[in-house]
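Student: I would like to see how this sequence folds:
(one chain, ligands or ions: 2)
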Amino acid sequence: MSVIVSVVAENTFRVIDMQDIEPEIIEKQIDAIFEDIDTDAVKIGMLSQSTSMKAVAHKLREYGPQNIVIDPVMIAKNGCPLMQPDSMDTLIEEILPLADLLTPNIPEAERITGLSIQTSEDMEHAAEKIAKMGAKAVLVKGGHAKGEALDILFNGEHFTYFSEERINTKNTHGTGCTYSSAIASNLALGLDLEEAVKRAKDYVTTAIRHSLPIGKGCGPTHHFYNLYQNGLQREY
Ligand SMILES: Nc1ncnc2c1ncn2[C@@H]1O[C@H](COP(=O)(O)OP(=O)(O)OP(=O)(O)O)[C@@H](O)[C@H]1O
Ligand SMILES: Cc1ncc(COP(=O)(O)O)c(N)n1
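Tutor: Ligands and ions are numbered 1, 2, ... in the order given. A predicted model of the protein is given here:
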């Protein structure tokens, strides 16, 4: 089930424009879900401005769902801003504390913490600092680093490393969106956090390995590669 918070006119190489949905309509979309259907996990992506964040936070506090995974989207792969800079305080005060898991990439973790992140120790420090700010667990993603594709999970007590070799492709549009959605889905299935992240890391790595060379910019990850392998054939 989806709640539309913004309609974004974008393709593989640019964001042309966006129109945010009125906060009252965001809240009513959330009501429409929670008054009807059981919710096992929630995944939150782009929230472009404070009023959208406040609407989402207000309703999540009201309904109190479990397994809230938040991808604090700030800037698209192609460099276009997706979150207004003046909404950073609202993100930190209203959204971050709702997270059972926050999944910043390195630039997002730097903006949230004010730390500079160069090494895996820096990723650990940032994860710890974000946990102190109120997120129950933090996964700092290393897609923007060099070398191995290393992500570090801090569950409030200890760190777990998830590493894969870096795939040489420009078609990484939506890697973080894919990853956080897969983690939320795995939590909804009842897996513990470490196992949910481990399986989602395998999934996103396969989706990047078989990402689609379409469009003039960064093509998307292939969400259905395994499904197609198992019978729903389609050649790429
Ligand atoms: N070239 C790559 N090869 C292998 N894994 C990658 C590559 N790029 C990103 N990843 C992995 O993809 C996942 C998403 O991380 P990333 O840092 O790209 O998130 P993101 O910047 O939030 O993504 P997006 O904003 O595009 O949705 C992580 O597991 C990361 O390690
Ligand atoms: C609506 C929306 N949400 C998230 C992203 C981030 O994905 P990417 O960093 O791959 O551009 C995006 N481009 N658009």
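
Student: looking at this protein, which helix or strand does the model trust least?
Tutor: Of all helical and strand segments in the chain, the minimum by mean pLDDT, DSSP states H and E falls on helix 225-229, at a mean of 84.

Student: contacts for it, please.
Tutor: Residues outside helix 225-229 that contact it (C-beta atoms under 8 Å, 6 or more residues apart in numbering): 206-207, 209-210, 234. No exception for glycine: its C-beta is placed from N, CA and C like everyone else's.

Student: dump that helix to PDB, restricted to CA.
Tutor: The C-alpha trace of helix 225-229 is given here as PDB (Å, rounded to 0.1, in the frame of the first residue of the first chain):
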ATOM      1  CA  TYR A 225      15.700 -10.600 -12.100                       C
ATOM      2  CA  ASN A 226      15.300 -13.800  -9.900                       C
ATOM      3  CA  LEU A 227      11.600 -14.000 -10.800                       C
ATOM      4  CA  TYR A 228      12.400 -13.900 -14.500                       C
ATOM      5  CA  GLN A 229      15.100 -16.500 -14.000                       C
END
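
Student: so for that helix, what gets flagged as buried?
Tutor: Neighbour-count burial for helix 225-229 flags residue 225 (criterion: 16 or more other C-beta atoms under 10 Å).

Student: how about stretch 192-202?
Tutor: For stretch 192-202, by 16+ other C-beta under 10 Å, it's 193, 196-201.

Student: equivalent analysis for stretch 162-176, please.
Tutor: Quick answer for stretch 162-176 (16+ other C-beta under 10 Å): 162, 164, 171-176.

Student: would you mind measuring from residue 145 to residue 39?
Tutor: 34 Å (C-beta to C-beta, to the nearest Å).

Student: residue contacts, residue 201?
Tutor: Contacts of residue 201 by C-beta under 8 Å, 6+ apart are 151, 162, 164, 179.

Student: confirm that the first one sits in a strand.
Tutor: Okay, so that is residue 151. Yes - counting by DSSP: H, G, I helix; E, B strand; the rest coil, one finds residue 151 located in a strand.

Student: and the helix or strand residue 200 falls within with ligand 2, contact?
Tutor: Using DSSP states H and E, residue 200 sits in helix 193-209. No - if you take C-beta under 6 Å from any ligand atom as the test, helix 193-209 misses ligand 2, and the best it gets is 11.1 Å.

Student: fine by me, thanks again.
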